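Colleague: Pasted the sequence and its predicted model underneath.
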Amino acid sequence: MVTDAKQRAALAALAHVSAGTVVGVGTGSTVAHFIDALPQARVAGAVASSEQTAARLRARGIAVLDLNTSGPLPLYVDGADACDPQRRLIKGGGAALTREKIVAAASERFVCIIDPSKRVPRLGGVPLPVEVIPMARALVARTIAAMTGGTPVWREGVVTDNGGWIVDVHGLALDEPEALEAALNQIAGVVSVGLFARRPADVVIVGDDPPWSW
């Protein structure tokens, strides 16, 4: 079952957590299993990538710290919507991509936990989320369509923790993820792009039975 695979990956990630440290924690259903098990690691606290994650951490008795005061983090643990053999990721299905990217950038090590269905030979099979300033939604969508040939679709009714909106870009060719990430980031009105190619994961744990990593 997918739930079992997610739990296996999450539990395997505990081996990367050192007691007494502050750990960055991502968002999503796989990460939820990691949070539930995190108290046994005896961490000093956590930096959350979303309000949803912060609430779950507090419910498990784990102190939630502000990244501005925590300083650099030794570890960030998060999931992904897709992961290629180079550990490059598509993230943002839970609309937390901007804060996830910030916490990943502040962390020395990024451990990504996924179920086997998220491992892909190349990125592009799932839509690419892009967080935008609300007033720029249509401008960003037109620019992305002209630049990439992809089809931007507004994720109506979704507002991020930052007050942004999400545009999901379908049908992208992701032959050069790093270059595309850089180009999309330059569009006026884009807050963040759900491509984690310039800063990929350092370790990916797949929740097979038994779990394995690369």
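Modeller: Right, received. Where do you want to start?

Colleague: what's the pLDDT at the most centrally placed residue in the chain?
Modeller: Most central in the chain under C-alpha atoms, centre = their mean is residue 91, positioned 4.5 Å from the mean C-alpha point. Model confidence at residue 91, given as pLDDT, is 98.

Colleague: That one reaches residue 81, doesn't it?
Modeller: Yes: between residue 91 and residue 81 there is a contact under C-beta atoms under 8 Å: 5.9 Å. Any C-beta I mention is one placed from the backbone N, CA and C, and that applies to glycine too.

Colleague: between these two, what contacts are shared?
Modeller: Counting by C-beta atoms under 8 Å, 6 or more residues apart in numbering, the residues touching both residue 91 and residue 81 are residue 194.

Colleague: Report the distance from stretch 151-165 to the chain centre.
Modeller: Distance of stretch 151-165 from its chain centroid, counting by C-alpha atoms, centre = their mean, to the nearest Å, is 16 Å.

Colleague: how about that stretch as PDB, C-alpha atoms only?
Modeller: The C-alpha coordinates for stretch 151-165 follow below in PDB (Å, rounded to 0.1, in the frame of the first residue of the first chain):
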ATOM      1  CA  THR A 151      -0.500  25.000 -20.400                       C
ATOM      2  CA  PRO A 152      -0.800  27.000 -17.200                       C
ATOM      3  CA  VAL A 153      -3.900  26.300 -15.100                       C
ATOM      4  CA  TRP A 154      -4.900  28.400 -12.100                       C
ATOM      5  CA  ARG A 155      -5.500  26.300  -8.900                       C
ATOM      6  CA  GLU A 156      -8.600  28.200  -8.000                       C
ATOM      7  CA  GLY A 157      -9.500  28.500  -4.300                       C
ATOM      8  CA  VAL A 158      -5.900  27.800  -3.100                       C
ATOM      9  CA  VAL A 159      -4.100  30.600  -1.200                       C
ATOM     10  CA  THR A 160      -0.600  29.900   0.100                       C
ATOM     11  CA  ASP A 161       0.600  30.700   3.600                       C
ATOM     12  CA  ASN A 162       2.300  33.700   1.900                       C
ATOM     13  CA  GLY A 163      -0.900  35.000   0.400                       C
ATOM     14  CA  GLY A 164       0.100  33.900  -3.100                       C
ATOM     15  CA  TRP A 165      -1.800  31.900  -5.700                       C
END
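
Colleague: Name the surrounding residues that touch it.
Modeller: With contact meaning C-beta under 8 Å, 6+ apart, stretch 151-165 is reached by 50-51, 95-96, 98-99, 127, 129-134, 137, 140-141, 144-145, 166-171, 191.

Colleague: repeat for stretch 174-194
Modeller: By C-beta under 8 Å, 6+ apart, stretch 174-194 touches 81, 84, 88, 90-92, 97-98, 101, 122-124, 128-133, 135-137, 139-140, 143-144, 147-148, 162, 164, 172, 195, 197-198.

Colleague: end-to-end on it?
Modeller: 13 Å (C-alpha to C-alpha, to the nearest Å).

Colleague: residues of it that come out buried?
Modeller: Neighbour-count burial for stretch 174-194 flags 174, 177, 180-181, 184, 187, 189-194 (criterion: 16 or more other C-beta atoms under 10 Å).

Colleague: Same question for the host helix or strand of residue 55: list its buried residues.
Modeller: Following DSSP states H and E, one finds residue 55 within helix 51-59. Neighbour counts over helix 51-59 (16+ other C-beta under 10 Å) mark 52-54, 56-57 as buried.
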